[in-house]
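J.: With the sequence up front, the predicted model follows.
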Amino acid sequence: MTARLFLDTNILIYALDPADPRKRKIAADLLRETISSGLLSLSPQSLNEAYRVLSQRRRLIPRDDARRFLGTLAAWARAPLDAETTTLAWEIEDETGYGWWDSLLLASALRAECAVFLSEDLTPGRMVREMRIVDPFG
């Protein structure tokens, strides 16, 4: 089995954001490819963060559309978000110096056995334990 890929929240948002057509295409393609290959892994945290940005903070799409879009991704939110994840996130926060919410996503991805964490917000090429951070837009 090929290693799972974790998509950061920003990729979910870019998939619907008309402001940057290049990033929108890359993000939409990533979603399609990781879903069709079965490699996609998300955290419930990502769905919640994306909902807030899409429907409230940036108001990119109506609330019902955001719910529909994120509802289609819910089956892929298989990365754990529990007390064990929180404990691991504290360790990652101390080890890396990343902010809390990023550390929590990284911990979820590690617990889901992801080999790659795709994000433009973290240091590309950096290893967090056995997982590599990759900027899909770089």
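T.: Yep, it's here. Numbering: from 1, shown residues only.
J.: surely residue 49 meets residue 9?
T.: Yes. With contacts counted by CB atoms under 8 Å, residue 49 reaches residue 9, the gap being 4.3 Å. C-beta coordinates here come from the backbone N, C-alpha and C atoms, glycine included.
J.: The two: who's more crowded?
T.: residue 9 (23 against 19; other CB atoms under 10 Å).
J.: which residues touch the more buried one?
T.: 45-46, 49-50, 53, 105 (CB atoms under 8 Å, 6 or more residues apart in numbering).
J.: 7 Å - rerun?
T.: 46, 49-50 (CB atoms under 7 Å, 6 or more residues apart in numbering).
J.: can you list the weak-confidence ranges in this protein?
T.: 1-2 (pLDDT under 70).
J.: show me where it has strands.
T.: Assigned by DSSP state E, the chain shows strands spanning 4-7, 40-41, 114-118, 127-128, 131-134.
J.: Mind giving me the packing neighbours of the last one?
T.: In terms of contacts (3 or more CB pairs under 7 Å, 6 or more residues apart in numbering; DSSP states H and E), strand 131-134 is packed against strand 114-118.
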